[in-house]
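**Student:** Please find the sequence and the predicted model below.
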Amino acid sequence: MAQPTDEDRRDSADEPLMASDNSSNDEREDSPSIELPGQTRAPMHKAGKVIWLLTLSAGISGLLFGYDTGVISSTLVSIGSDLSGHDLTTTDKSLITAVTSLFALLSAPLTGVFADKYGRRSVLLLASILFVLGAIIQAAAGIVSIMVVGRAAVGAAVGLASCATPLYITELAPAEMRGRLVTIQSLFVTGGQVVAYLVGWTFAGQLHGWRWMVGLGAFPAMLQLFLLAFMFESPRWLVQIGREGRARHVLRRIYGGLTEDEQKRTVDSVVLDIQTEIAAEAKLDDDEPQFGNTRSSFLTTARQLFEIPGNRRALTIACMLQATQQLCGFNSLMYFSATIFSLLGFTNPITTSLSVALTNFIFTIAAFAFIDTLGRRRILLFSIPIMMLALGWCSWVFYNMKGLAPGAKQPKVSFIQDDRSRWPQSLLGAMLIYVAAYAIGLGCVPWQQSELFPLRVRSLGSGISTATNWSSNFVIGITFLPMMEFLSPSVTFAVYAFVCLLDWVAILKIYPETAGLELEGIGGLLKDGWGVEKSLEGFRERKDLQARQAREHSKSHGVWALFRRR
Ligand SMILES: O[C@H]1[C@H](O)[C@@H](O)[C@H](O)[C@@H](O)[C@H]1O
């Protein structure tokens, strides 16, 4: 584990933690900070540009995650006999597709271990290297097995990136904008999927065009490799390994938009909170020797994650959200929408598939706008019923369409084309409504996972919930077509609607509102129960305070200041 450097010692000596950090409101009259315990302390909307630059640089991993998972369907249909001198068999296609999810599933929990030992940024670095290697291997592949190796490298990169990026952003972000900053990753993922469709379209007709499709992913990855040289490590991890001085330096840059005085108090306050959390965890090690006494050992961390009730609750919520993000069936539309739409008689299924990806992207922007103001919980409770209704409608339409009713083994295109009704259009409409509701809620809220865990178990907990996401993704990928064939499309969509219903009930009962809470305050919510009521009270108080703060600010700075602050 890294030792404190001279810079750390100097910085810590220069800036001792001040007891007045927990000072009363009177001492801070000049600052419009929010002062509830464990809640946002920094004055609103004053984080520096650095946090945006760091988030955008980290988000490139999200772009690659979206691009690499999105581009494979166009790639498979364009390869022809370029690999191993023959057309791809069904086994080749399944192998090339499945190996990515499989390696993502395997590498995600490893992120938990690496990110604690070598830092969050190092995992992003490893992911970028694997993205570059994977793209080059695929583009140069001459035989199927080499292609599979390239897809495996990309899969490992996707697993690492999908866990480390939200973890990194969560630990850097000021509380009041954490939801939005983490959602930027989802914007990159969904944007990457749109770009993948467009690239697939552009190169589809060209000789060996598929090599470009898979090879182009190397460029953003190289850009990220370059940017990583300028990116800071997570301040939370730095404090954890004893490099407080460096952590303070990073925090000062993050809160660069504050006055010097506000900045100093905010940085002190954040560092104090992290140290308090670390001290409480160390005390637990001493008080509860059943969790082991080798503080940094993996086993101890794993035992703490599974055996301490608050941590177990966090893991339950994170895994439940990640599992339902996939088991609600969204990616079956992503992967097979062209197939579904051609069954329905649409003449240009690629365009309809593009509309799915675009809708997903556009409505993720809505999530970005509301995730911190409406809150994670309210967004989910509002959007999941819309998904359920849309899925229910799809199921009903399939039931009524000739050739697709239960019992029909294979949907027959000719039946559908004979059907002059408006069913196919209404089905497309329902699917787009489903996609929009998904993008606003389940598509991005589960990626807020890292905020649920206390520092000690954060990366391991995030790794396990990311692995839950990828295993559920794998299940959906391999069950969708057999379900359509053996259970009928109508039943398949009804099953997805039922998953949404279960998820909605579980969210109502066990998911507390975390928007605006400092990371170090979230553990307290789950300590003695699910903390739903307490969290809602806190959320209301934060909203009231923000409104008061905004009113005061507009009184002293004029009403236009309010818009500038936004
Ligand atoms: O958050 C993302 C996003 O919603 C993508 O569109 C989807 O394909 C991924 O599986 C999901 O994790």
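**Tutor:** Here it is on my side, so go on.
**Student:** didn't residue 437 look like it was pressed against residue 381?
**Tutor:** No: the criterion here is Cβ atoms under 8 Å, and residue 437 misses it with residue 381 at 11.7 Å. In short, each C-beta sits where N, CA and C put it, glycine included.
**Student:** Among these two, which residue is more densely surrounded?
**Tutor:** residue 437 (23 against 15; other Cβ atoms under 10 Å).
**Student:** Check residue 518 and give its pLDDT.
**Tutor:** Confidence at residue 518, expressed as pLDDT, is 86.
**Student:** That one and residue 234, how far apart?
**Tutor:** As judged by Cβ to Cβ, to the nearest Å, residue 518 and residue 234 stand 15 Å apart.
**Student:** now do residue 351
**Tutor:** 42 Å.
**Student:** Have a look at the two and say which one is more surrounded.
**Tutor:** The neighbour comparison of residue 351 against residue 234 (other Cβ under 10 Å) goes to residue 234, with 24 against 13.
**Student:** Quick one: classify the closest residue to residue 95 other than its chain neighbours as helix, strand or coil.
**Tutor:** Leaving aside its chain neighbours, residue 95 sits nearest to residue 148 (5.6 Å; criterion: Cβ to Cβ, 6 or more residues apart in numbering). What DSSP: H, G, I helix; E, B strand; the rest coil gives for residue 148 is helix.
**Student:** okay, now residue 257: neighbour count?
**Tutor:** The local packing of residue 257 (other Cβ under 10 Å) involves 17 other residues.
**Student:** Same check on residue 366?
**Tutor:** Neighbour tally, residue 366, other Cβ under 10 Å: 16.
**Student:** Is the residue of the chain at minimum distance from the ligand in a helix, a strand, or coil?
**Tutor:** Nearest residue of the chain to the ligand (Cβ to the nearest ligand atom) works out as residue 443 at 3.4 Å. Recorded secondary structure, residue 443: coil (three-state DSSP).
**Student:** so it makes contact with residue 367?
**Tutor:** Yes: assessed by Cβ under 8 Å, residue 443 is found in contact with residue 367 at 7.1 Å.
**Student:** Report the set of residues contacting both of those two.
**Tutor:** residue 186 (Cβ atoms under 8 Å, 6 or more residues apart in numbering).
**Student:** Please identify the helix or strand for the closest residue to residue 454 other than its chain neighbours.
**Tutor:** In space, and not counting its chain neighbours, residue 454 is closest to residue 523: 4.3 Å by Cβ to Cβ, 6+ apart. Residue 523 is part of helix 519-527, with elements assigned from DSSP states H and E.
**Student:** got the buried residues for whichever helix or strand comes after that helix?
**Tutor:** Downstream of helix 519-527, the first helix or strand assigned by DSSP H and E is helix 532-557. Buried residues in helix 532-557, counted by 16 or more other Cβ atoms under 10 Å: 532, 534-535, 538-539, 542, 545-546, 549-550, 553.
**Student:** okay, the angle between helix 532-557 and helix 519-527?
**Tutor:** Using axes from the mean of the first three to the mean of the last three Cα atoms, to 10 degrees, the direction of helix 532-557 lies 150 degrees away from that of helix 519-527.
**Student:** Which neighbouring elements make contact with helix 532-557?
**Tutor:** When contacts are defined as 3 or more Cβ pairs under 8 Å, 6 or more residues apart in numbering; DSSP states H and E, helix 532-557 packs onto helix 560-565.
**Student:** and with 10 Å instead?
**Tutor:** helix 376-400, helix 489-510, helix 519-527, helix 560-565 (3 or more Cβ pairs under 10 Å, 6 or more residues apart in numbering; DSSP states H and E).
**Student:** what pLDDT, on average, does the shortest one get?
**Tutor:** Just to be clear, that refers to helix 560-565. 52.
**Student:** So for residue 297, what's the pLDDT?
**Tutor:** So, for residue 297, pLDDT stands at 79.
**Student:** in the stretch 1-150 of the chain, what spans have low per-residue confidence?
**Tutor:** 1-47 (pLDDT under 70).
**Student:** I meant to write the chain there.
**Tutor:** Where the chain drops to pLDDT under 70, the residues are 1-47, 284-296, 349, 402-421, 553, 556-566.
**Student:** tell me which parts of it are close to the ligand?
**Tutor:** Residues of the chain lying near the ligand by Cβ under 6 Å from any ligand atom: 186, 189-190, 193, 325, 331, 334, 360, 443-444, 447, 473.
**Student:** Report the separation between the spatially most central residue of the chain and residue 521.
**Tutor:** With distances taken as Cα atoms, centre = their mean, residue 447 lies nearest the centre of the chain, 2.9 Å away. Between residue 447 and residue 521 the computed distance is 20 Å (Cβ to Cβ).
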